[in-house]
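Visitor: one predicted model, sequence on top.
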Amino acid sequence: ESIFMPHCSHLSEDQPGRAYYGFNFQLGNKNFKFRKAKITPRKVGLFIALWKRDSDGRPSPLLQMILSIITLF
């Protein structure tokens, strides 16, 4: 039985985050960026990075972020 049935809208592939299955979407009135974590090659655990491209096409940090973690079992 499902208790939470979210309605996502404005789903679009995030080209710079393509290697991480990156997508952008809205849930309610909030904007989200999705990334699938990768297994790290030399350490135990998973790795994920969120960034944007500046006007010159270089990676730069997001200025503001609220982190939401969704885990699937």
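Guide: That came in fine, so what should we check first? Numbering: from 1, shown residues only.

Visitor: residues in contact with the closest residue to residue 36 other than its chain neighbours?
Guide: In space, and not counting its chain neighbours, residue 36 is closest to residue 21: 4.2 Å by C-beta to C-beta, 6 or more residues apart in numbering. Glycine gets a C-beta too; all of them are placed from N, C-alpha and C. With contacts defined as C-beta atoms under 8 Å, 6 or more residues apart in numbering, residue 21 is in contact with 34, 35, 36.

Visitor: from those residues, list the buried ones, please.
Guide: 34, 35 (16 or more other C-beta atoms under 10 Å).

Visitor: let's have the contacts of residue 21 in a markdown table, adding distance to residue 11 and pLDDT.
Guide: Shown next, in a markdown table, are those (distance: C-beta to C-beta, whole Å; pLDDT from 0 to 100):
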| residue | distance to residue 11 | pLDDT |
| --- | --- | --- |
| 34 | 9 | 84 |
| 35 | 14 | 84 |
| 36 | 15 | 84 |
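
Visitor: mind checking which of the contacts of residue 21 are in strands?
Guide: residue 34 (DSSP state E).

Visitor: tally of neighbours for residue 17?
Guide: Around residue 17 there are 20 other residues, counting by other C-beta atoms under 10 Å.

Visitor: wait, is residue 19 part of a helix?
Guide: Yes. Under the criterion used here (DSSP: H, G, I helix; E, B strand; the rest coil), residue 19 sits inside a helix.

Visitor: okay, it: pLDDT?
Guide: pLDDT, residue 19: 82.

Visitor: and the gap between the residue nearest to residue 36 and residue 64?
Guide: 23 Å (C-beta to C-beta, to the nearest Å).

Visitor: same question for residue 10.
Guide: In terms of C-beta to C-beta, residue 10 sits 19 Å off from residue 64.

Visitor: helix/strand/coil for residue 31?
Guide: Per three-state DSSP, residue 31 ends up strand.

Visitor: I figured it hits residue 24, correct?
Guide: Yes. In this structure, residue 31 is within contact of residue 24 by C-beta atoms under 8 Å, at 7.0 Å.

Visitor: with neighbour numbers in mind, choose between the two.
Guide: Per other C-beta under 10 Å, whichever of residue 31 and residue 24 has more neighbours is residue 24, with 14 against 10.
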